[in-house]
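Here's a sequence, model it:
(chains A and B)
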Amino acid sequence: MAYSAKARESYQKELQALRDAGLFKEERYIHAPQGADIEVEFPVGQGVPPRKVINMCANNYLGLSSHPEVIAAAHAGLDHRGYGVSSVRFICGTQDIHRELEVKLTEFLGTEDTLLFPSCMDANAGVFEAVLSDQDVMISDRLVHASIVDGMRLCKAMQDTFKHSDMGHLEEKLQEHQDKRYRMIITDGVFSMDGDLARLDVIVELAEKYDAMVFVDDSHATGFIGKTGRGVHEHCGVMGKIDIITTTLGKALGGASGGCVSGRRELVEMCRQRARPYLFSNSVAPVIVAGALKVMELVTRSTERRDKLEANTVFWRRGLKGIGLDIKDGDSPIVPVMLYNAKLAQDFARDLFGEGIYAVGFFFPVVPKAQARIRTQLSAAHERHHLEKALEAFRKVGEKYGILGLGKNQIIEKYGL
Amino acid sequence: MDELMKTIREYVIREYIEEGDDREVTDTTPLISGGIVDSFSMVSLKRFLERKYQIQIPDAQATPEAFDSVTKIAELVRRFKPDA
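Okay, here's the model as predicted:
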């Protein structure tokens, strides 16, 4: 047997070390469709009945994950185009609806062309290698998503980074790399842990000054950031000036799966020819494409959902501040409640669950050391009563730990780092 | 005062410490295991050293362990340029 006792023991030790360090990830079982009210089994497998809680940690920004029109469209897609395609795109896995969705995404994002990927993780994994070579440099914000980091690692271009959202530092790096063939500035649109927005207006200005391309992963923005929900490029007034946008269908746009590379025609075509996750994995399933087409229709037809999300965000941010919690300022529906201490973040999340609120604590290495927090995320599926109940729970738990009205230094003084 | 270590420390502070981050960087502060420099951003430090001291550090030797403190980085540089 190749899987020896020694190997088993070694892996067991490694897993135990993760548990000991408090880094072991455990799943909770959700016994309901995604939405504001869900039923969660936790701890799992111990016969504990599922508990009804308010979900404050989904990427279901527009509340479309279980929208009846999206579900009906997915059913119709299943009936008309089948369950699976049993092929990659370029052999016999491209249906008419794949191209239809690509065209809709192109129109929505205001780009030149779009290519679907099985996920945005796959889009980010494949895009850099497809369009850059060892004569080029990738200059990324230090807080970009892990999938971008992985994609950059697969690419032969030189890698460099700039301090988070530090435009002066980015400019220094652009000056330093003027000897390269192409420079590509790489950033998230909305940073998933802090909820802040990239300064795309300044980035585009620097890109023009120093002859660089701009790449944005807008996964936490597409569908709701900007006046008509096109993304951070709309919010910053630079639509049409971003060379590559990657985004996901797995968050606001229905929340199932699938992602895309959208942008300059030639760059998208290079991905179609060379991006390995596109070339060597199955097409997005027809049922998801059909659902996503309905989502695109809904988000194009009206801004009602993104407007409701915006109103919910304003109410929630104001409410958390009002009860004296320390939050990261910003405009996005990602609202981190800062606790700084990892154990406090875990305890706080556990107590919230006891109060019927589902939110998760994040700590090193997911966020920098001494930056532990509970990340809350708003949805258009939240009604005012959900948010009022959640605020009351945050107030109650915050009071229990004596942190209401305390700032960073005072919380650290009380609980340590 | 060791000039090489001073140069490295100053670069690390300028390049990696964010505004408002009051962490102190001494010659023995763990940089990578301490979360100040991530392995991805280490590339700019390597390039800085190579340019400044006109050396080539092979990738195999540019490990997170070798870059984990100002003292260790200085030792690495001196392997290629003993008079640095």
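
just checking, A:Ser281 touches A:Pro118?
Yes - look at A:Ser281 against A:Pro118 with C-beta atoms under 8 Å: they come within range, at 5.1 Å. In short, each C-beta sits where N, CA and C put it, glycine included.

Show me which of these two is the more surrounded one.
A:Pro118 (20 against 16; other C-beta atoms under 10 Å in any protein chain shown).

Need the per-residue pLDDT for that one.
pLDDT recorded at A:Pro118 is 97.

same deal with A:Arg183?
pLDDT, A:Arg183: 98.

how about the nearest residue to it, chain neighbours excluded?
Spatial nearest neighbour of A:Arg183, chain neighbours left out: A:Ala212 (3.8 Å); criterion: C-beta to C-beta, 6 or more residues apart in numbering or on different chains.

which residues touch that neighbour?
Going by C-beta atoms under 8 Å, 6 or more residues apart in numbering or on different chains, A:Ala212 touches A:Ile139, A:Leu174, A:Tyr182, A:Arg183, A:Met184, A:Ile185, A:Leu206.

got the buried residues for the lengthiest helix in chain A?
Longest helix in chain A by number of residues (criterion: DSSP state H): helix A:304-322. Going by neighbour count (16 or more other C-beta atoms under 10 Å in any protein chain shown), the buried part of helix A:304-322 is A:Arg305, A:Arg306, A:Lys308, A:Leu309, A:Glu310, A:Asn312, A:Thr313, A:Phe315, A:Trp316, A:Arg317, A:Gly319, A:Leu320.

And for stretch A:153-161?
So stretch A:153-161, judged by 16+ other C-beta under 10 Å, has buried residues A:Cys155, A:Ala157, A:Met158, A:Gln159, A:Asp160, A:Thr161.

ok, now which ones touch the fifth one?
Each residue near A:Asp160 by C-beta under 8 Å, 6+ apart is listed here: A:Val137, A:Met138, A:Ile139, A:Ser140, A:Lys173, A:Glu176, A:His177, B:Val43, B:Ser44, B:Arg47.

Tell me the secondary structure at it.
Here A:Asp160 takes the strand state, with states given by DSSP: H, G, I helix; E, B strand; the rest coil.

Nearest spatial neighbour of it, chain-adjacent residues omitted?
A:Ile139 (4.9 Å).

which residues touch that neighbour?
A:Asp160, A:Thr161, A:Phe162, A:Leu170, A:Lys173, A:Leu174, A:His177, A:Arg183, A:Met184, A:Ile185, A:Ile186, A:Ala212 are the contacts of A:Ile139 under C-beta under 8 Å, 6+ apart.

redo that, cut-off 6 Å
Contacts for A:Ile139 (C-beta atoms under 6 Å, 6 or more residues apart in numbering or on different chains) come out as A:Asp160, A:Lys173, A:Ile185.

Check what pLDDT it gets.
97.

next one: the one 3 residues further on
Looking at A:Arg142, its pLDDT reads 93.

before we move on, what about the one 5 residues further on?
According to the per-residue confidence, A:Ser147 scores 96 in pLDDT.

try A:Glu205
98.

That one belongs to a helix?
Yes - under three-state DSSP, A:Glu205 falls within a helix.

And it, how far from chain B?
The spacing between A:Glu205 and chain B, counted by C-beta to the nearest C-beta, to the nearest Å, is 21 Å.

Against A:Lys104, how distant is the residue of chain B most remote from its centre?
For chain B, the residue at maximal distance from the C-alpha centroid (C-alpha atoms, centre = their mean) is B:Gly20, at 21.1 Å. From B:Gly20 over to A:Lys104 the distance is 42 Å, taken as C-beta to C-beta, to the nearest Å.

Specify the angle between the longest helix along chain B and strand A:158-162 in degrees.
What stands out as the longest helix in chain B, according to DSSP H, is helix B:3-16. Interaxial angle, helix B:3-16 versus strand A:158-162 (axes from the mean of the first three to the mean of the last three C-alpha atoms, to 10 degrees): 70 degrees.

Next, the contact list for A:Gly250, please.
A:Ser257.

which SS class is it?
coil.

now do A:Ser147
helix.

returning to what we had before: can you verify the residue nearest to A:Asp160 is assigned to a strand?
Yes - assessed with three-state DSSP, A:Ile139 lies in a strand.

beta partners for it?
A:Asp160, A:Ile185 (DSSP bridges).

Surely A:Val73 and A:Ala290 touch.
Quick fix: residue A:73 reads Ala, not Val. Yes - using C-beta atoms under 6 Å, A:Ala73 is in contact with A:Ala290, at 5.2 Å.

And the residue lying closest to B:Arg47 once chain neighbours are set aside, how close does it get to A:Ala345?
Nearest non-adjacent residue to B:Arg47, counting by C-beta to C-beta, 6+ apart: A:Asp160, 7.9 Å away. Using C-beta to C-beta, A:Asp160 is found at 32 Å from A:Ala345.

Can you point out the buried residues in stretch A:356-373?
A:356-364, A:366-368, A:370-373.

can you check stretch A:166-173 too?
For stretch A:166-173, by 16+ other C-beta under 10 Å, it's A:Asp166, A:His169, A:Leu170, A:Glu171, A:Lys173.

same thing with stretch A:333-349?
A:333-342, A:344-349.

May I have the distance across it, first residue to last?
Stretch A:333-349 has an end-to-end distance of 19 Å (C-alpha to C-alpha, to the nearest Å).

in the stretch 301-417 of chain A, what residue is nearest chain B?
A:Lys369 (4.6 Å; C-beta to the nearest C-beta).

which residue sits closest to that residue in space, ignoring its chain neighbours?
B:Gly35 (4.6 Å).

again, but for A:Arg317
A:Val335 is the one closest to A:Arg317 (C-beta to C-beta, 6+ apart), at 5.8 Å.

Which residues are in contact with the one you found?
Counted by C-beta under 6 Å, 6+ apart, A:Val335 has contacts A:Arg317, A:Ile327, A:Thr376.

Now name the helix or strand holding the last one.
The reference is to A:Thr376. strand A:372-377 (DSSP states H and E).

What residues sit buried inside stretch A:129-146?
A:129-132, A:136-145.

Next: stretch A:384-392.
In stretch A:384-392, counting by 16+ other C-beta under 10 Å, buried: A:His386, A:Leu387, A:Ala390, A:Leu391.

For burial, what's the neighbour tally of A:Arg272?
By other C-beta under 10 Å, 15 other residues sit near A:Arg272.
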